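Student: Just the structure for this:
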Amino acid sequence: MTLLGSYLTLAAVLFCLGLYGVLTKRNAIVVLLSLELMLNAVNLNLIAFSKYGMIPSLTGHVFTLFTISVAAAEAAVGVAILIVFYRRRVTVNVDEFDELRR
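Tutor: This next block holds a predicted model:
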């Protein structure tokens, strides 16, 4: 297996673990961490294709920096929303976050 194949396999495993966490877990903090894991798998793919692709360039590195900044903003907003929900409902269970449906 080539070095690119190893990176892509690792990224696929990370993405699948993150997807499993998002779809099966009920704790909102675990769901946010799983989303971050999925974004890191995408970053790994971007870096691997940027370095070992047919035309190596810095484009994947630049996109990865943008993705990391978006992930940091998403985590900050997500944690702020979780703090508000926890103060109102005293739980971080995703099943009980139905306040926006009304």
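
Student: And the helices in the chain, which stretches?
Tutor: With helices called from DSSP state H, the chain shows them at 3-24, 28-52, 59-89.

Student: Next up, the contacts around the closest residue to D95 other than its chain neighbours.
Tutor: Excluding its sequence neighbours, the residue lying closest to D95 (CB to CB, 6 or more residues apart in numbering) is R26, at 5.9 Å. All C-beta spots, glycine's among them, are computed from the backbone N, C-alpha and C. By CB atoms under 8 Å, 6 or more residues apart in numbering, the contact list for R26 reads N93, V94, D95.

Student: One more: V70?
Tutor: Applying CB under 8 Å, 6+ apart, the residues near V70 are L39.

Student: swap in V94?
Tutor: By CB under 8 Å, 6+ apart, the neighbours of V94 are K25, R26, N27, A28, V31.

Student: Report pLDDT for the second one.
Tutor: At R26, the model reports a pLDDT of 91.

Student: so who does the residue nearest the centre of the chain touch?
Tutor: Residue closest to the mean C-alpha point of the chain, counted by CA atoms, centre = their mean, is E36 at 2.5 Å. Contacts for E36 (CB under 8 Å, 6+ apart) come out as G18, A71, A75.

Student: now with 10 Å?
Tutor: By CB atoms under 10 Å, 6 or more residues apart in numbering, the contact set of E36 is G18, G21, A71, A72, E74, A75, G78.
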